[in-house]
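Novice: whatever this is, show me its structure:
(one chain, ligands or ions: 1)
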Amino acid sequence: MAFHVDSEVGPLRQVILHKPGVELLRLTPSNVDDLLFDDIMWAERAREEHEAFAQVLRDLGTRVHSYHRLLTEAIDVDGARDFLRERLTTPSLFGPALSDPLKEFLSTHDAGELAEILIGGLLKREIAPHLHGTSSLLLSYLDDDDFLLAPLPNHLFQRDNSAWIYSGVSINPMAKPARQRETINSQVIYNFHPMFTAESFDFYYGNDAGYHAPATIEGGDILVIGNGHVMIGLSERTAPQGIEVLASALFRSGNVHTAIVVELPRERAFMHLDTAMTQVDRDAFSVYPYLPASLRSFTLRTNESRGYTVTENNDLWPVVAEALGVDDLRVLRAPIDRLEAARAQWDDGNNFLAAAPGVVIGYERNITTNKFLSDNGIQVIPIAGNELGRGRGGPRCMSCPIERDPIPD
Ligand SMILES: NC(=O)NCCC[C@H](N)C(=O)O
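Specialist: Reported below is the predicted structural model:
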């Protein structure tokens, strides 16, 4: 089985990244908020920073796949364009008049350019020449520089839209409208790219055309801590219903027996569990120092007769220690005051991507947290995130591991 993710910190073998493209040029001061960015980016510099991140991973021995390339290659596989026509060119999305011309466009357009459009979006003035004078109210209403198809700049954050959990994947129904169409692109890759169709694996959730809200879930909320356990954030993005649907599928697969659910503050700075805590070693987590103690946690356990049981925990960390099989779990909270902690949190100060136990990649700007981890025996490999960080995600958010070993003995 080529694709599986068996832990958070075991050796990272293969990962999908998306080097940002034309979609960054489509962020403007008036649309950044809707597109879930906090600022416009200097696109060329963001691409350089991203390339440096990918190179760090390659130097550590991780195979890096490009999301854009996977999508391009998948589009040219038999059936993929039919799938796109069915999912994307519905009368509710574009009005009946545009359905046929857009179907034609999807059938004939070069795969690489089509992948770029599916990620980068399409302006009215770019598509108009292909529509041969079609009468459409939507088209008449739009200005030349309006989007017929919105860009998806958050593909940069590959962690969220699909998540490998042991030997299966969840193609996550996303909470925010700006990210919901990402799912279709990932469905194309996982259902048509030969790299995936050659293998057999479970689809846990989201591999359909259904509308799943309010049962949303995003990958940044899913931590695969190993030994048949997962941690799942109950967050701004991930609803209890989404957790229950995913957990049921995980339990049915037999790959998971216990889900530890962690409640998070409903704030943008804590949009996913991995913005508040990440595992950095076989026995250590880096955690936002001022996470309120009042936040609750629950354990869902598979149960033959009742599907699963739900128990509220008194204290999260002993439950996590037991799941990991360690006597002394190190909960590393950087010694910083509330002001610095809030700033570091905004800059993804706890969002580390582990390449191996005790070897993690983090943004260089979080100097105090990084030094604190180093003092605790964790090797932090710093990367620049001056531009990338403006999308509010760090190295873990930007990566979708597809092959990671269990934690070695
Ligand atoms: N796992 C993560 O925390 N991902 C960061 C996602 C940032 C993106 N701009 C979003 O708001 O969805």
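Novice: how about the nearest residue to Asp34 once chain neighbours are set aside, secondary structure?
Specialist: In space, and not counting its chain neighbours, Asp34 is closest to Ala178: 6.0 Å by CB to CB, 6 or more residues apart in numbering. The way it works is simple: take the backbone N, C-alpha and C, and place the C-beta from them, glycine included. Classification of Ala178 using DSSP: H, G, I helix; E, B strand; the rest coil returns helix.
Novice: please apply the same query to Ile407.
Specialist: Taking three-state DSSP, the label given to Ile407 is coil.
Novice: now swap in Gln55 and tell me
Specialist: With three-state DSSP as the basis, Gln55 sits in helix.
Novice: Ala293 too?
Specialist: Assignment for Ala293 (three-state DSSP): coil.
Novice: and it, its phi and psi?
Specialist: phi -70, psi -20 (degrees, to the nearest 10).
Novice: where's it relative to Glu263, distance?
Specialist: From Ala293 across to Glu263, the span is 11 Å (CB to CB, to the nearest Å).
Novice: rewinding a little: find me the pLDDT at the residue nearest to Asp34, would you?
Specialist: Looking at Ala178, its pLDDT is 97.
Novice: and Met1, by the same measure?
Specialist: So Met1 comes in at 62 (pLDDT).
Novice: could you do the one 5 residues further on as well?
Specialist: According to the prediction, Asp6 has pLDDT 98.
Novice: now it. Nearest residue, chain neighbours left out?
Specialist: If the residues on either side of it in the chain are set aside, Asp6 comes closest to Pro406, at 4.1 Å by CB to CB, 6+ apart.
Novice: let me know whether that neighbour touches Glu8 as I believe.
Specialist: No. Under the criterion of CB atoms under 8 Å, Pro406 makes no contact with Glu8, lying 10.4 Å away.
Novice: how many other residues sit next to the residue nearest to Asp6?
Specialist: By other CB atoms under 10 Å, 15 other residues sit near Pro406.
Novice: got phi/psi on it?
Specialist: phi -60, psi 170.
Novice: that one and Arg282, how far apart?
Specialist: Pro406 sits 10 Å away from Arg282 when distances are taken as CB to CB.
Novice: and the most centrally placed residue in the chain, what does it touch?
Specialist: For the chain, Asp160 is the residue whose C-alpha lies nearest the centre (CA atoms, centre = their mean; 1.7 Å). Shown in contact with Asp160 (CB atoms under 8 Å, 6 or more residues apart in numbering): Asn154, Asn172, Met174, Arg179, Glu182, Glu218, Gly219, Gly220, Arg237, His272, Cys397.
Novice: is the ligand contacted by stretch 353-370?
Specialist: No. Stretch 353-370 stays clear of the ligand (CB under 6 Å from any ligand atom), getting no nearer than 10.6 Å.
Novice: buried stuff in that stretch?
Specialist: 353-363, 365-366, 369-370 (16 or more other CB atoms under 10 Å).
Novice: I'd like the average pLDDT over that stretch.
Specialist: On average, stretch 353-370 scores 97.
Novice: try stretch 31-46
Specialist: According to the model, stretch 31-46 has a mean pLDDT of 95.
Novice: do the same with stretch 271-278
Specialist: Here the average pLDDT along stretch 271-278 is 96.
Novice: follow-up on the earlier one: identify the contacts common to Pro406 and Glu8.
Specialist: Common neighbours of Pro406 and Glu8 (CB under 8 Å, 6+ apart) are Gly226.
Novice: returning to what we had before: the more surrounded of Ala293 and Glu263?
Specialist: More neighbours surround Glu263 than the other of Ala293 and Glu263, with 17 against 7 (other CB under 10 Å).
Novice: distance check, the more buried one against Gly121.
Specialist: 35 Å.
Novice: what do you get for Thr197?
Specialist: 28 Å.
Novice: in terms of neighbours, single out the busier of those two.
Specialist: Neighbour comparison, Thr197 and Gly121: the larger count goes to Gly121, with 20 against 12 (by other CB under 10 Å).
Novice: from Arg392, how far out is that one?
Specialist: From Gly121 to Arg392 the distance is 20 Å (CB to CB).
Novice: ditto for Ile117
Specialist: From Ile117 to Arg392 the distance is 25 Å (CB to CB).
Novice: who has more neighbours out of the two?
Specialist: The neighbour comparison of Ile117 against Arg392 (other CB under 10 Å) goes to Arg392, with 22 against 19.
Novice: was I right about the more buried one contacting Asp38?
Specialist: Yes. Using CB under 8 Å, Arg392 is in contact with Asp38, at 5.8 Å.
Novice: report how many residues lie close to Pro129.
Specialist: 7.
Novice: now Asp145
Specialist: Around Asp145 there are 11 residues (other CB under 10 Å).
Novice: what's the answer for the one 3 residues further on, then?
Specialist: Leu148 sits with 22 neighbouring residues when counted by other CB under 10 Å.
Novice: any idea how far the closest residue to it other than its chain neighbours lies from the ligand?
Specialist: Nearest residue to Leu148, sequence neighbours excluded (CB to CB, 6+ apart): Leu122, at 5.0 Å. In this view, Leu122 and the ligand are 21 Å apart by CB to the nearest ligand atom, to the nearest Å.
Novice: which parts of the chain belong to which domain?
Specialist: Listed by automatic domain parsing, the domain ranges of the chain are 4-66+153-404, 70-149.
Novice: chain center to the longest one, what's the gap?
Specialist: Think domain 4-66+153-404. 6 Å (CA atoms, centre = their mean, to the nearest Å).
Novice: would you mind writing the CA trace of stretch 151-170 as CSV?
Specialist: C-alpha atoms of stretch 151-170 as CSV (Å, rounded to 0.1, in the frame of the first residue of the first chain):
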residue,chain,number,x,y,z
PRO,A,151,-9.9,31.7,-7.8
LEU,A,152,-9.0,29.2,-5.0
PRO,A,153,-5.9,30.8,-3.4
ASN,A,154,-6.3,28.6,-0.3
HIS,A,155,-5.2,25.5,-2.3
LEU,A,156,-1.9,26.8,-0.9
PHE,A,157,-3.0,25.2,2.3
GLN,A,158,-3.1,21.6,1.1
ARG,A,159,-3.7,20.2,4.6
ASP,A,160,-7.3,21.2,4.8
ASN,A,161,-9.1,20.0,1.7
SER,A,162,-8.0,16.4,1.9
ALA,A,163,-6.6,14.4,4.8
TRP,A,164,-5.0,11.0,4.8
ILE,A,165,-5.7,9.1,7.9
TYR,A,166,-4.0,5.7,8.1
SER,A,167,-4.8,3.9,4.8
GLY,A,168,-7.6,6.1,3.6
VAL,A,169,-8.5,9.7,2.7
SER,A,170,-11.2,12.2,3.6
